[in-house]
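# Starting from these lines, generate the structure:
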Amino acid sequence: MTDASPTGQSTPDFDAMARDIAEVPAVEVIVTVAVNLMSAAAVKAGLTDDGDAHKDLDEARKLIHALAGLLDASTTEISSFHAAPLRDGLKSLQLAFREASLVPDEPGQGPGEKYTGPVFG
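Residues are numbered from 1 along each chain as shown. Alright, predicted model coming up:
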């Protein structure tokens, strides 16, 4: 999928990439992006085997908020078959974030709660 440029460097084959993307249903793209946001948020929240090695709650907050916004915007576009487990994962991340915070946010003020409402354990 790459061609050599006159300088000898590889360049992406954008036509082939566009054809590949054109074959992917929108629901699959949305779910893939959501899972990537969820995975990145889990790492930044310190929920991996490495725990605190990659923990960055400021970054986790941004990722969780973006995930909540995506799910809120796409709920009517994806089936409940896809949406339900993503919402469960989001809630788990929000609760883990609250637990990991030294000074927890007020209910309704945590990451993504603008879209989901207050999250309680």
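# Now the element after whichever helix in the chain runs longest, going C-ward?
Secondary structure of the chain per DSSP state H: the longest helix is helix 80-100. Remark: after helix 80-100, the chain's next helix or strand is helix 113-116, criterion DSSP states H and E.
# So which elements touch that following helix?
In this structure, helix 113-116 packs against helix 57-74, helix 80-100, with contacts taken as 3 or more Cβ pairs under 8 Å, 6 or more residues apart in numbering; DSSP states H and E. In short, each C-beta sits where N, CA and C put it, glycine included.
# and the last one, how far out from the chain's middle?
By that I understand helix 80-100. Once both centres are worked out by Cα atoms, centre = their mean, to the nearest Å, helix 80-100 turns out to sit 11 Å from its chain's centre.
# And that helix, what's buried?
With burial defined by 16 or more other Cβ atoms under 10 Å, the residues of helix 80-100 counted as buried are His82, Ala83, Leu86, Arg87, Gly89, Leu90, Lys91, Leu93, Gln94, Ala96, Phe97, Arg98.
# Equivalent analysis for the first one, please.
Residues of helix 57-74 classed as buried by neighbour count (16+ other Cβ under 10 Å): 57, 60-68, 70-71, 74.
# Now do the contacts for the closest residue to Ala26 other than its chain neighbours.
Setting aside the residues directly before and after it, Ala26 is nearest to Glu77 in space (Cβ to Cβ, 6 or more residues apart in numbering), at 7.1 Å. For Glu77, the residues meeting the contact criterion (Cβ atoms under 8 Å, 6 or more residues apart in numbering) are Ala26, Val27, Ile30.
# Could you give the backbone dihedrals for Glu77?
Here is the backbone geometry of Glu77 (degrees, to the nearest 10): phi -100, psi -20.
# Against Val103, how distant is the spatially closest residue to His54 that is not a sequence neighbour?
Distances taken as Cβ to Cβ, 6+ apart place Val43 nearest to His54, at 5.1 Å, with adjacent residues excluded. Taking Cβ to Cβ, to the nearest Å as the measure, Val43 falls 22 Å from Val103.
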